[in-house]
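Trainee: Return a 3D structure for these sequence lines:
(chains A and B)
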Amino acid sequence: MGLTDLLHDAASGAPLGASDPDLWDRGRRAHRRRRTANLMIVAVTLLLVGSLLGFARQQAAPRIEPASGTPAIPERIWAPGARLATTDDRGPLGQLAALVSTVRGTEVGAPAPDAPWAGVSATTGAYRIIGLPGLAPGLDPVLSPDGTHVSYWTGAENAVTGIADYDTVSGTTRTWNLDGGLVVQPLFLGRTRNSVVAQFSRTIVPDQGPTDDVLQWFPLESRSTSATYTPVVAFGSSDSGTLLQQDGSWSLLGDVVDSVSIAGDISEARPLDNEVALSPDGSRFAFASQSYLGPMLWQRIEFGSRAQKVPKAQLNDRAIGWIDDRTIAVTRPTQPVSDAPWPRVVAVDVLSGERRPLLRLPDARTILATDLLQVPPARRPVPSEPPGALGSWSSQLAALGVVVACGGALILWRRRVRL
Amino acid sequence: MSDSDLRAAFEDYVAARRTALLRIAYLLTGQAADAEDLVQAALIKAMPHWSRIAHDPEAYVRTIMARESVSRWRRRRWREVHTDVVPEAAAQGADIARRTVVLEALAQLSPRQRAVIVLRYYEDLTEAQTADVLGLRLGTVKSHARDALERLRTLLPDEDLALRS
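Mentor: Below you'll find the model as predicted:
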């Protein structure tokens, strides 16, 4: 008997089991399960790839040289979260390079008015929430040009009652009551080397509008304050003093330099949002203009000077400080978020209009220590636990958990659908 | 062809070919229960493609059975316990004894060798068709066939394995 015959003979012993009438329906159910399993495999694969890419991206965070210890502004400032250590727990952070809001403004909502502010150390780049007792909600604080003091309005929302100054080195806070009336409307808060300068309007008689404007100085080294009640508009301050507009002329009311007045009508070159960038030595200032003269002007503070246009300035540029005698730092706060999620600060030559990148900020509310603009930006360590992000350990554990869970689910599922 | 027509064609095919498929599966697995499982699995896997294969389902089902027998053996070998005696050999008789010996000899082959032997010498496929069914190269099929026959001659010394070329 040949092999073929042997096989046929052996096959004749095969069972004759009854046909399964449900085979078609079972096949259909199995097909559905297999198709679902395939979709799961694709989803799990995508999830795994996404997790791995995210992990790799986190590992690829830029390597930064150790901090030098020299005070400087970090070339990139991160968006802080609300889980940072605070000065209440860890003590003062020391000289600051910047103040950053812990809640970023978005297209869908304004920042919470009582969100705390985080300081960025000028020497180490560390982040810490700055305890500012009595901070009036919704009013941004002011960082002194050298980064050693934070001045702010105190009181409740829409009920400002005073001024405070937090020393970032000693951790002490000085407070003053305003020479106010029934209602105080904050207008300007500035910081010179030796004083906090506040301008506000006040209502003395009930049911009437503001009756007068007050510009009040709060010297750090003295308990007495001084104030002027003449109509003035304050525009900016620096180490040197406070720049005012009075009777149609610019005036620098000196703090560490002699006061200077500049003749001439400012109506042709009115600063947008009443903000100017005053140089540390009080010799010049720059501002975004709301007039026809151009988007960005600068002017020397000396008798007879006139405003000059910064060449090639762009709409929405805003001057925030001086880097040297002919270079200003400019940011563009109204740039669409989709275009530049991390606003950039650029250095602009006021004579040639030449621009170069300088800093990256988390948002347009970031407040810089403007004296430090004169020092080259420093590369600072990325926070080991990036503010506002998951910690590296928790991220890795989460990624590992996802991988294990996905793998386990996949094995169980494949066992279930196996015929 | 409507869904009900497809179902009717499928059920007609199963009714007509079930015994033949069981015999192939029996040679491939050596176990009655496994043979029934293998046929059911192959038919269930073929069902979603029935509209495409309805005109000639045999080749498709046979391919699934042959490949599934190999892959199932891979999946199951770690949890199965081999025995020297095929269970169906309980009732002894001259013919049954011979079948048992043949099944035991087939069980000694590797799954691929067994599949090659069944397809070549039971289903009467050419080497090229066998290679196509199993998804192997022609040379691999030839070497499997040669090795399997050599083994069978050793395992079945009393049989004259007259073979086709």
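Trainee: Distance check, B:Val39 against B:Asp124.
Mentor: Using CB to CB, to the nearest Å, B:Val39 is found at 19 Å from B:Asp124. Bear in mind the C-beta positions are built from the backbone N, C-alpha and C, glycine included.
Trainee: More neighbours: those two, which one.
Mentor: B:Val39 (31 against 10; other CB atoms under 10 Å in any protein chain shown).
Trainee: tell me which strands and helices the helix or strand encompassing the more buried one is in contact with?
Mentor: If you go by DSSP states H and E, B:Val39 is part of helix B:32-46. Other helices and strands packing on helix B:32-46, by 3 or more CB pairs under 8 Å, 6 or more residues apart in numbering or on different chains; DSSP states H and E, are helix A:23-59, helix B:3-29, helix B:57-76.
Trainee: Report the distance from stretch A:235-249 to the chain centre.
Mentor: Chain-centre distance of stretch A:235-249: 27 Å, with CA atoms, centre = their mean, to the nearest Å.
Trainee: Please apply the same query to stretch B:141-159.
Mentor: Using CA atoms, centre = their mean, the offset of stretch B:141-159 from its chain centre is 17 Å.
Trainee: So which bits of it are buried?
Mentor: By 16 or more other CB atoms under 10 Å in any protein chain shown, the buried positions in stretch B:141-159 come out as B:141, B:144-145, B:148-149, B:151-152, B:155-156, B:159.
Trainee: Turn those residues into CSV, including distance to chain A and secondary structure.
Mentor: Shown next, in CSV, are the buried residues of stretch B:141-159 (distance: CB to the nearest CB, whole Å; DSSP: H, G, I helix; E, B strand; the rest coil):
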residue, distance to chain A, secondary structure
B:Val141, 16, helix
B:His144, 15, helix
B:Ala145, 11, helix
B:Ala148, 10, helix
B:Leu149, 8, helix
B:Arg151, 12, helix
B:Leu152, 7, helix
B:Leu155, 11, helix
B:Leu156, 8, coil
B:Glu159, 6, coil
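Trainee: Greatest separation within those: which pair is it?
Mentor: B:Val141 and B:Glu159 (22.7 Å; CB to CB).
Trainee: nearest to A:Arg270, of the helices and strands packed on helix B:32-46?
Mentor: helix A:23-59 (46.4 Å).
Trainee: which ones are touching the residue in chain B positioned nearest to chain A?
Mentor: Scanning chain B for proximity to chain A using CB to the nearest CB identifies B:Met47 as nearest, at 3.0 Å. Residues in contact with B:Met47 (CB atoms under 8 Å, 6 or more residues apart in numbering or on different chains) are A:23-24, A:27-28, A:30-31, B:10.
Trainee: ok so, going back, following the helix holding B:Val39, which helix or strand shows up next?
Mentor: helix B:50-53.
Trainee: tell me what that following helix is packed against?
Mentor: Secondary-structure packing of helix B:50-53 (3+ CB pairs under 8 Å, 6+ apart): helix B:3-29.
Trainee: Could you count how many residues lie near the residue in chain A that chain B sits nearest to?
Mentor: Going by CB to the nearest CB, chain B is nearest to A:Gly27 of chain A, at 3.0 Å. Residues lying near A:Gly27 (other CB under 10 Å) number 22.
Trainee: Could you tell me the per-residue confidence at the nearest residue to it once chain neighbours are set aside?
Mentor: Distances taken as CB to CB, 6 or more residues apart in numbering or on different chains put B:Met47 closest to A:Gly27, at 3.0 Å, once the chain neighbours are dropped. Looking at B:Met47, its pLDDT stands at 90.
Trainee: how about low-confidence regions in chain B?
Mentor: B:1, B:73-94, B:161-165 (pLDDT under 70).
Trainee: Centroid-nearest residue for it?
Mentor: Centroid-nearest residue in chain B: B:Leu28, 3.4 Å away (criterion: CA atoms, centre = their mean).
Trainee: For that residue, which non-adjacent residue is spatially closest?
Mentor: Nearest to B:Leu28 is B:Ser69, by CB to CB, 6+ apart, at 4.1 Å.
Trainee: tell me the contacts of that neighbour?
Mentor: Taking CB under 8 Å, 6+ apart, one finds B:25, B:28-29, B:38, B:111, B:114-115 in contact with B:Ser69.
Trainee: quick one: secondary structure of A:Arg365?
Mentor: coil (DSSP: H, G, I helix; E, B strand; the rest coil).
Trainee: Could I get the pLDDT score of it?
Mentor: Note on A:Arg365: pLDDT of 82.
Trainee: Now it: closest residue in space that isn't a chain neighbour?
Mentor: A:Ser101 (4.9 Å).
Trainee: how many neighbours does residue 56 have?
Mentor: Unless you meant another one, I'm taking chain A. 9.
Trainee: That was the other one, I meant chain B.
Mentor: Quick note: B:Asp56 (other CB under 10 Å) scores 8 neighbours.
Trainee: just how off-centre is stretch A:149-168 within its chain?
Mentor: 20 Å.
Trainee: about what we covered before: orientation of the helix holding B:Val39 relative to helix B:3-29 in degrees?
Mentor: Orientation check (axes from the mean of the first three to the mean of the last three CA atoms, to 10 degrees): helix B:32-46 against helix B:3-29 gives 140 degrees.
Trainee: Just the buried positions in helix B:32-46, please.
Mentor: B:32, B:34-46.
Trainee: Kindly report the same for stretch A:164-173.
Mentor: A:164-166, A:168, A:173.
Trainee: could those residues go into a markdown table alongside secondary structure?
Mentor: Shown next, in a markdown table, are the buried residues of stretch A:164-173 (three-state DSSP):
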| residue | secondary structure |
| --- | --- |
| A:Ala164 | strand |
| A:Asp165 | strand |
| A:Tyr166 | strand |
| A:Thr168 | coil |
| A:Thr173 | strand |
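Trainee: could I get the residues you listed as CSV with pLDDT and distance to chain B?
Mentor: Shown next, in CSV, are those (pLDDT from 0 to 100; distance: CB to the nearest CB, whole Å):
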residue, pLDDT, distance to chain B
A:Ala164, 93, 75
A:Asp165, 93, 76
A:Tyr166, 93, 70
A:Thr168, 92, 68
A:Thr173, 91, 73
